[in-house]
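S.K.: below are the sequence and a predicted model; questions follow.
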Amino acid sequence: MTTILIGYACCSTDKQDLTVQRAALEALGVPPDRIYTDHGLSGTNRARPGLDQALAATRAGDTLVVPKLDRLARSVPDARGIADALVARGVRLALGTSVYDPADPMGKMFFNILATFAEFESDLICLRTREGMAVARAWGKLRGKQPKLSTKQQREVRRMHDAGDHTIGDLAELFSVSRPTVYRTLARRTQDAGEANASTA
């Protein structure tokens, strides 16, 4: 029986790109038309249409390929649940070049370690988000929509955006402003930098 490779890639923010993950999956032998993706959805969100399609496309004897485990799940229970469900259906799970083997104690331990690190990273992101919200509350920006951002708030918007953990929509909601306001705030930094360079030239 010929093994069919089904690929899955995911990125959690609109700012991120799936190109690298797609290239990695193709390098592993996954045909481009068999790669399913989710864009703007994190591994903590189990309601991912692309993942559901990838899982539905697999049959007994097939292999589901993901670049890294954290693209598949960001919690130990979810990672275990997906892996166990695949094994029960006779579908193999490949994490990059390594094929998960539940019968191998070392492989099983390594899988659990990867899942633990993925969950830890997710928890750190949530912590940073809560800290950002605390800063926003301290500035009173969650009490109602304001037309403009202060200098400090603009710096915080840029910092959080550069960190890559928040989409434009997240920042707009967090600081109670419109998306255009966030875009203008980010664009203003580029404009200011250009003017600064021109003045020193």
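M.R.: Alright, I've got the coordinates. Nothing here was measured: the structure is a model prediction, and the numbers come from that model. Numbering: from 1, shown residues only.

S.K.: do a quick rundown of the helices in this protein.
M.R.: 19-27, 49-57, 69-72, 76-88, 105-138, 151-163, 168-174, 179-200 (DSSP state H).

S.K.: kindly export the second one (C-alpha atoms) in CSV.
M.R.: Below are the C-alpha coordinates for helix 49-57, written out as CSV (Å, rounded to 0.1, in the frame of the first residue of the first chain):
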residue,chain,number,x,y,z
PRO,A,49,-10.8,24.3,9.8
GLY,A,50,-7.5,23.5,8.1
LEU,A,51,-6.5,21.0,10.7
ASP,A,52,-10.0,19.4,10.6
GLN,A,53,-9.6,19.0,6.8
ALA,A,54,-6.1,17.5,7.1
LEU,A,55,-7.3,15.0,9.7
ALA,A,56,-10.4,14.1,7.6
ALA,A,57,-8.1,13.6,4.5
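
S.K.: lowest-confidence stretch among the helices of the chain?
M.R.: Lowest mean pLDDT within the helices of the chain: helix 105-138, a mean of 62.

S.K.: ok, residue 172 - how many residues close by?
M.R.: 19 (other CB atoms under 10 Å). From N, CA and C alone the C-beta is placed, and that goes for glycine too.

S.K.: how near is it to residue 31?
M.R.: 38 Å (CB to CB, to the nearest Å).

S.K.: how about residues contacting the longest strand anywhere in the chain?
M.R.: Secondary structure of the chain per DSSP state E: the longest strand is strand 5-11. With contacts defined as CB atoms under 8 Å, 6 or more residues apart in numbering, strand 5-11 is touched by 17-18, 21-22, 25-26, 28-31, 34-43, 48, 50-51, 54, 57-58, 62-67, 71-72, 94.

S.K.: parallel or antiparallel, list what pairs with that strand.
M.R.: Each strand paired with strand 5-11, and its direction, by DSSP bridges: strand 35-39 (parallel), strand 63-66 (parallel).

S.K.: for the nearest residue to residue 58 once chain neighbours are set aside, give me its contacts.
M.R.: With CB to CB, 6 or more residues apart in numbering as the criterion, residue 58 has its nearest non-adjacent residue at 4.6 Å, and that residue is residue 91. By CB under 8 Å, 6+ apart, the contact set of residue 91 is 58, 59, 60, 61, 62, 63, 64.

S.K.: next one: residue 55
M.R.: Residue 55 touches 64, 82, 85, 86, counting by CB under 8 Å, 6+ apart.

S.K.: straight-line length of stretch 10-19, end to end?
M.R.: Terminal residues of stretch 10-19 lie 11 Å apart, using CA to CA, to the nearest Å.

S.K.: mean pLDDT lowest where, among the strands paired with strand 5-11?
M.R.: Going by mean pLDDT, the lowest-scoring of the strands paired with strand 5-11 is strand 35-39, which has a mean of 89.
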